[in-house]
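Chemist: only geometry, no sequence info:
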């Protein structure tokens, strides 16, 4: 498998009732702000603290497209209900 469909975390996150909120807000939750920029949303990186990896840059349209794609995926079958602690 290649591409986004090979990302098991997408199907795993799809198990949660709030999966859409998690995808919508991922860029603001650690560790993502250290390397993720969403045009017109994310503040620029601190010039003295540039990301240690190639930054992930996207637009809100890109994020919407990812969320729409994930909405088409079946949640992962974990064999038992997911319990978030």
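Modeler: Alright, I've got the coordinates. Computed from a predicted model, the values in this text were never measured in an experiment. Residues are numbered from 1 along each chain as shown.
Chemist: drop to CA atoms for contacts and neighbour counts, all remaining ones
Modeler: Noted.
Chemist: what about the longest helix in the chain?
Modeler: helix 60-71 (DSSP state H).
Chemist: name the helices or strands packed onto that one?
Modeler: helix 19-25 (3 or more CA pairs under 8 Å, 6 or more residues apart in numbering; DSSP states H and E).
Chemist: just how off-centre is whichever helix or strand comes after the helix it packs on within its chain?
Modeler: Using DSSP states H and E, the helix or strand that follows helix 19-25 in sequence is strand 36-38. Offset of strand 36-38 from its chain centre (CA atoms, centre = their mean, to the nearest Å): 11 Å.
Chemist: Give the buried residues for the longest helix of the chain.
Modeler: For helix 60-71, a neighbour-count test (16 or more other CA atoms under 10 Å) marks 63, 67, 70 as buried.
Chemist: pretty sure the first one is in contact with residue 24, am I right?
Modeler: It stands for residue 63. Yes - here residue 63 lies in contact with residue 24, judged by CA atoms under 8 Å, at a distance of 7.4 Å.
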